[in-house]
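Peer 1: Got a predicted structure here, sequence first:
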Amino acid sequence: MKTLNDFNFKDKKALIRVDFNVPLDDNFNVTDATRIASAKPTIIKVLEDGGSCILMSHLGRPKGTQDEFSLKHIVSKVEDLIGVETKFVSNCIGTEAEDEAANLKPGELLILENLRFHEEETKGDYDFAQKLSKLGDIYVNDAFGTAHRAHASTTIIAQFFPENKCFGYLLEQEITSIDKVLKSDDRPVLAILGGAKVSSKITVIENILDKVDAIIIGGGMAFTFVKAQGGTIGNSLVEDDKLDMALNILKQAKAKNVTIYIPIDSIIADHFNNNANTKVCDITAIPDGWMGLDAGPESRKQFHDVVMQSKTILWNGPLGVFEMENFANGTIALGNSIAEATKNGAFSLVGGGDSVAAVKQFSFENKVSYVSTGGGAMLESLEGKTLPGIAAILE
Ligand code: AMP
């Protein structure tokens, strides 16, 4: 696996695919700069070697050129965070970009305009990728968030740098963290899967059954498993067409000696509302008109014990409707348990959009071993797929 450390960037131009798809407010200020900060180690390495960086990224889902999606809005934030004056070019391909890139001196930084202003980017267009490739000497992919897409700048472009391509530090860290879970010798290995739908995580569950010792299934997903086993779940979230599949997963888990934990009790509510009436209820006996919106106290206790016994922990998806204060406590309790296990030496990886949001909201970010920067990319890796952006560097 070729990484940044295999190259010396002195007098070289690094063409780096970063993920600067950051949220902006109405005045185009960056409201969360995590993704920019995450790319900093890679950028600094190139600059300190005596090279220059040409950064390419997408921002949002523009239809053609749309000013609101221009990467010019983030230039000053990049300057602040990296501490280097940053140039900007208003088209990612063409003579202006080529001239700016050619004139870049060691230690300088250039940001290209939004790649997705050209529809060729998401189409994975060969000619567009070739035009981009003219801008740099060494191609670096540091964008995990888009590594599951075979786009021009994430995948197709790599073929124009047969010897001169590598992973950036961020992408390397993401790959290593997922490997640490899926190929871990530090047992027991526990996966915690929550969130709304089983259907979006079936392939993940099936793939990890061969790799983990235990799985906690929580959140809305759990009710499909409870109902499949004959429980009464009232008005809780359920996927009726996945009941057989749930039973099949339980059967496969048993055959593979993987223990599956499903919540024992639930905080049930009479409305999908933070101010609804609530009570604690056995998860297999939820009355009509009530729905389970969070893990109950017995479940939290059991999950705590399981987490504390684990040496490797993967967490994807909240245990309840954490966006509502009254149904966030199961997710917070789990975050606390994982933080404690991590402090005791376990390796913990948190990934997937909503669990990352929860981890940030409840300030667990620095109490777990690694927080992934990619939602879809993380799920596809857990499904056992080699992501196209990663394969293109390995080829
Ligand atoms: P996902 O994107 O599949 O990880 O699902 C995340 C969403 O699942 C969050 O918005 C949670 O509010 C939601 N969720 C978690 N538990 C429940 C539940 N018991 N009932 C309904 N939605 C839930």
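Peer 2: Good, I have the coordinates.
Peer 1: Quick check: buried residues in stretch 99-111?
Peer 2: Under the neighbour-count criterion of 16 or more other CB atoms under 10 Å, stretch 99-111 has 100, 101, 104, 108, 109, 110, 111 buried. For every residue, glycine as well, the C-beta is placed using N, CA and C.
Peer 1: Likewise for stretch 280-292?
Peer 2: 281, 283, 284, 286, 290, 291, 292.
Peer 1: how near is the closest residue to the second one other than its chain neighbours to residue 225?
Peer 2: Taking CB to CB, 6 or more residues apart in numbering, and ignoring the residues beside it in sequence, residue 283 has residue 266 as its nearest neighbour in space, at 4.6 Å. With distances taken as CB to CB, to the nearest Å, residue 266 is found 13 Å from residue 225.
Peer 1: ok, those two, which is more surrounded?
Peer 2: Under the criterion of other CB atoms under 10 Å, the comparison of residue 266 against residue 225 puts residue 266 first, with 33 against 24.
Peer 1: SS state for the closest residue to the ligand within the chain?
Peer 2: Per CB to the nearest ligand atom, residue 195 is where the chain lies closest to the ligand, at 2.4 Å. When classified by DSSP: H, G, I helix; E, B strand; the rest coil, residue 195 comes out as coil.
Peer 1: my guess is it contacts residue 317, does it?
Peer 2: Yes. Counting by CB atoms under 8 Å, residue 317 is a contact partner of residue 195 at 3.1 Å.
Peer 1: what residues do those two have in common as contacts?
Peer 2: Residues touching both residue 195 and residue 317 by CB atoms under 8 Å, 6 or more residues apart in numbering: 201, 219, 221, 352, 354, 355.
Peer 1: Of those, which fall within the contact range of the ligand?
Peer 2: 219, 352, 354 (CB under 6 Å from any ligand atom).
Peer 1: So which of these belong to helices?
Peer 2: By the criterion of DSSP state H, membership of these in helices covers residue 354.
Peer 1: contacting residues for residue 37?
Peer 2: residue 81.
Peer 1: What separation do you get for it and residue 59?
Peer 2: For residue 37 relative to residue 59 (CB to CB), the value is 16 Å.
Peer 1: Residue 254 too?
Peer 2: For residue 254, the distance to residue 59 - CB to CB - is 47 Å.
Peer 1: So for these two, which sits in the more crowded spot?
Peer 2: Per other CB under 10 Å, whichever of residue 254 and residue 59 has more neighbours is residue 59, with 24 against 11.
Peer 1: show me what contacts the more buried one?
Peer 2: 20, 21, 22, 69, 70, 71, 73, 74, 114, 116.
Peer 1: From residue 132, how far off is it?
Peer 2: 16 Å.
Peer 1: Repeat that for residue 54.
Peer 2: The value you get for residue 54 to residue 132, if CB to CB is used, is 9 Å.
Peer 1: okay, and the common contacts of those two?
Peer 2: residue 15.
Peer 1: if you count what's nearby, which of residue 195 and residue 317 comes out ahead?
Peer 2: residue 317 (26 against 19).
Peer 1: so what's that one up against?
Peer 2: 192, 193, 194, 195, 196, 201, 218, 219, 221, 352, 354, 355.
Peer 1: Among the residues you listed, which pair sits farthest apart?
Peer 2: 192 and 196 (14.9 Å; CB to CB).
Peer 1: Between those two, which has more neighbouring residues?
Peer 2: Comparing residue 192 with residue 196 by other CB under 10 Å, the one with more neighbours is residue 192, at 28 against 16.
Peer 1: Give me the pLDDT value at that one.
Peer 2: Note for residue 192: predicted pLDDT of 96.
Peer 1: Using the three-state scheme, assign it.
Peer 2: strand.
Peer 1: what about the helices in the stretch 101-250 of the chain?
Peer 2: Here the stretch 101-250 of the chain has its helices, by DSSP state H, counting those that start in this stretch, at 120-123, 126-133, 169-182, 202-208, 222-228, 243-255.
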